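In: Got a sequence here, can you build the structure:
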Amino acid sequence: MIEPFEFLEQLFQVAIERSSPQSLVQAHLPHPPKGRTLVLGAGKASVSMAMALEEAWCRLHPSSPLSGMVVTPYGHVPAQFDRQHSRIEVIEASHPVPDTNSMRAAQTMLALAKGLSVEDLVVVLISGGGSSLLCLPIDGLTLEDKQAVNRALLQSGASIGEMNAVRKHLSQIKGGRLLQALQPARVLTLCISDVPGDDPQTIASGPSVADLSTSQEAFETLRRYGISLPQLTLGALGRGELETPKAHDFPASVGEVRIIACANDALNAAAEHAKRLGLEAYILADDIQGESKDVAMVHASLARYAQQGMGAFRKPCVLLSGGETTVTLGKPDSMPTGASQGRGGRAGEFCLSLAKALNGAPGVWALVADTDGIDGSSNSAGARIGPHTLSKAAALGLWVNEYAQRHDSHGFFNALSDLVITGPTLTNVNDFRAILIL
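Out: Model prediction:
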């Protein structure tokens, strides 16, 4: 068998390749309309999705008009994208906290939506990250207000569904408001899902999908996590005055939504690759949520049990899972004196906790990474661990508890040369976790 880390890295690469827009978009290419075709997109995969669509469209329908605009995070534009000759404009903006370019992108998108007819087609390309990339606050809120709310939500431990319910009700474009602006054109939304359950309403806060969440739910989320808003806006939210468009606000045939890639697809591709190499693969679930450190402890228990030859998993094998965990940051005064907040994200946090819980268990290796290539505030996708991780750290004078307390998974695994670094992958189907048991 190949070296354990090499094997795990192969599985991660296979998962990424299965989620690549280049191999997915053409299969969902719609027929040209009588009128024009407008492409709009937001997310970490939006440019690669737009490139794949434009290439196929110009090859198959060269005489059919095509134009549009997509927004993506800084650094997520492929080197081969030809800005000068593309029919689709690209705006780069900030993630995970919006900036002025996020507002410019939302304003441009709504401006392009004006004047459409029933003979026009709009293809909306949505992937993870779109919530911060499309930011147009409701009247009474400033960009600074939205930035503060975003930061507070990211640090609160709120689920992605809770966060996006708030974002939708404070936005002029999310939560179905873009779909409202596109009427009466035909709308096709293609999604690469980065959320547990693959609900299109949650992916990038569902700008082109009718919304089921309520103003009251958004209000309760803010109250639950102690997040403040200007009093007038908070009151309007609590009274239901900031409600998003619902299904009954649209004709039954208003739009079609297709999920073209999701976590389950990526996990199945990795499992098939493992089986080709002679190992059994078990997919635990594709929608696991919860605190990273708690989810890691459960995975560690399953891995130890299997390594001891007990339970339903027969070694040698690999355990695979996906979903979206969270990291709740402690208040600054809860950290040791002189300590500073570290770098990293939910994948690195998971690996720190997994290493602690396994405590050097023999025969267990793991790789955990975010499929977009960026784990939280770090420049890595995630990290990897093995039976030697804690002893190797101790030999360098690194103590896992100290790094865990200040949420510095990046610093810990960087010192061990065990970060997983890919750069932006130009797709995003959320967390990828693989635990090899020999």
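
In: The chain: strands as residue ranges?
Out: In the chain, the strands defined using DSSP state E lie at 37-42, 66-73, 88-93, 121-127, 186-192, 255-261, 280-291, 317-326, 364-370, 382-385, 419-420, 431-437.

In: any chance of the ones you listed in TSV, plus distance to residue 164, mean neighbour count and mean pLDDT?
Out: All C-beta atoms are positioned from the backbone trio N, CA, C, and that covers glycine. Output for the strands of the chain, formatted as TSV (distance: least, Cβ to Cβ, whole Å; neighbours: other Cβ atoms under 10 Å; pLDDT from 0 to 100):
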stretch	distance to residue 164	mean neighbour count	mean pLDDT
strand 37-42	13	28	98
strand 66-73	17	24	98
strand 88-93	17	20	98
strand 121-127	12	28	98
strand 186-192	14	25	97
strand 255-261	16	18	95
strand 280-291	14	17	96
strand 317-326	12	23	96
strand 364-370	18	28	98
strand 382-385	23	29	98
strand 419-420	27	24	98
strand 431-437	17	26	98
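
In: Distance to residue 138 added to those, as JSON lines?
Out: Shown next, in JSON lines, are those (distance: least, Cβ to Cβ, whole Å):
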{"stretch": "strand 37-42", "distance to residue 138": "18"}
{"stretch": "strand 66-73", "distance to residue 138": "19"}
{"stretch": "strand 88-93", "distance to residue 138": "19"}
{"stretch": "strand 121-127", "distance to residue 138": "21"}
{"stretch": "strand 186-192", "distance to residue 138": "23"}
{"stretch": "strand 255-261", "distance to residue 138": "23"}
{"stretch": "strand 280-291", "distance to residue 138": "28"}
{"stretch": "strand 317-326", "distance to residue 138": "26"}
{"stretch": "strand 364-370", "distance to residue 138": "30"}
{"stretch": "strand 382-385", "distance to residue 138": "36"}
{"stretch": "strand 419-420", "distance to residue 138": "39"}
{"stretch": "strand 431-437", "distance to residue 138": "31"}
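
In: residue ranges with poor pLDDT in the protein?
Out: Applying pLDDT under 70 to the chain flags the ranges 1, 330-341.

In: Kindly state the domain boundaries assigned to it.
Out: Domain assignment for the chain by automatic domain parsing gives 31-261, 263-437.

In: C-alpha coordinates for stretch 227-240, CSV please?
Out: This file holds the C-alpha atoms of stretch 227-240, laid out as CSV (Å, rounded to 0.1, in the frame of the first residue of the first chain):
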residue,chain,number,x,y,z
ILE,A,227,-25.7,40.1,18.6
SER,A,228,-26.7,43.8,18.4
LEU,A,229,-28.3,45.8,15.6
PRO,A,230,-29.5,49.4,15.4
GLN,A,231,-32.7,49.5,17.5
LEU,A,232,-35.0,50.6,14.6
THR,A,233,-33.8,47.6,12.5
LEU,A,234,-34.0,45.1,15.3
GLY,A,235,-37.5,46.2,16.1
ALA,A,236,-38.6,45.9,12.5
LEU,A,237,-37.1,42.5,12.3
GLY,A,238,-38.9,41.4,15.4
ARG,A,239,-42.2,42.7,14.1
GLY,A,240,-41.8,40.8,10.8
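
In: Check what contacts it and list those residues.
Out: The contact list for stretch 227-240, computed with Cβ atoms under 8 Å, 6 or more residues apart in numbering, reads 138, 140-141, 145, 149, 152-153, 156, 166, 169-170, 214-216, 218-219, 221-222, 242.

In: Can you turn the buried part of these into a ChimeraX selection?
Out: Remark: buried members of these, expressed as a ChimeraX selection using 16 or more other Cβ atoms under 10 Å:
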select :138,141,145,149,152,153,156,166,169,170,214,215,218,219,221,222,242
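
In: Give me the subset of the contacts of stretch 227-240 lying in helices.
Out: When DSSP state H is applied, the contacts of stretch 227-240 are split such that 145, 149, 152-153, 156, 166, 169, 215-216, 218-219, 221-222 fall in helices.

In: Just put these in a markdown table and tack on distance to residue 89.
Out: As requested, these are exported to a markdown table (distance: Cβ to Cβ, whole Å):
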| residue | distance to residue 89 |
| --- | --- |
| 145 | 28 |
| 149 | 28 |
| 152 | 32 |
| 153 | 29 |
| 156 | 34 |
| 166 | 29 |
| 169 | 28 |
| 215 | 33 |
| 216 | 38 |
| 218 | 31 |
| 219 | 36 |
| 221 | 34 |
| 222 | 35 |
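
In: Pull the most distant pair out of the residues you listed.
Out: Farthest apart among these by Cβ to Cβ are 145 and 216. That separation is 20.2 Å.

In: OK, contacts around the residue nearest to residue 196 when sequence neighbours are not counted?
Out: Among residues not flanking residue 196 along the chain, residue 287 sits closest, at 3.5 Å (Cβ to Cβ, 6 or more residues apart in numbering). When contacts are counted by Cβ under 8 Å, 6+ apart, residue 287 is found next to 196-197, 263, 322-323.

In: Could you dump these into JSON lines and include distance to residue 43?
Out: Converted to JSON lines, the contacts of residue 287 look like this (distance: Cβ to Cβ, whole Å):
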{"residue": "196", "distance to residue 43": "17"}
{"residue": "197", "distance to residue 43": "17"}
{"residue": "263", "distance to residue 43": "15"}
{"residue": "322", "distance to residue 43": "18"}
{"residue": "323", "distance to residue 43": "18"}
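
In: thinking again about what came up before, out of the ones in helices among the contacts of stretch 227-240, who's nearest residue 101?
Out: Nearest to residue 101 among the ones in helices among the contacts of stretch 227-240 is residue 145, at 17.4 Å by Cβ to Cβ.

In: I'd guessed residue 316 sits against residue 438; true?
Out: Yes. At 4.9 Å, residue 316 and residue 438 qualify as touching, with contact defined as Cβ atoms under 8 Å.

In: Tell me which stretches of the stretch 201-350 of the chain form helices.
Out: Remark: helices assigned in the stretch 201-350 of the chain by DSSP state H, counting those that start in this stretch are 215-224, 231-238, 263-276, 292-307, 346-358.
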